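got a predicted model here, sequence first, then my questions.
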Amino acid sequence: MDIKEQIHVLSEEMIENLGKLVAVDSQLGTPEEGKPFGEGPAEVLSVGLKIAEELGFSYCKSG
């Protein structure tokens with residue numbers, strides 16, 4: 001399977017994940033401890049990390 005076919009197969013999943021990200025109001029907010037850019041950006045980061053984890057990626061939590 002070439003890259004174009006792979007993209008086509010995964011396009012629905014990619015659009016669904018993008019929709020999850022843009023659904024979050026991630027405007028700059030009031031800084032809080034652990035959320036330097038406010039609640040919205042922290043939430044969209046959390047959603048993005050969850051998507052990445054579902055796709056098999058891992059990350060280290062610091063602090």
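The structure has been received and is ready for your questions.

what lies in contact with the lowest-mean-pLDDT helix or strand in the chain?
Lowest by mean pLDDT, DSSP states H and E among the helices and strands of the chain is helix 3-22, with a mean of 94. Contact with helix 3-22 is made by 1, 44, 47-48, 51, as judged by C-beta atoms under 8 Å, 6 or more residues apart in numbering. For every residue, glycine as well, the C-beta is placed using N, CA and C.

gap between the residue nearest the centre of the chain and residue 60?
With distances taken as C-alpha atoms, centre = their mean, residue 48 lies nearest the centre of the chain, 1.6 Å away. According to C-beta to C-beta, to the nearest Å, residue 48 and residue 60 sit 15 Å apart.

what does residue 43 give?
In terms of C-beta to C-beta, residue 43 sits 20 Å off from residue 60.

next one: residue 32
From residue 32 over to residue 60 (counting by C-beta to C-beta), the distance is 22 Å.

more neighbours: which of the two?
residue 32 (11 against 4; other C-beta atoms under 10 Å).
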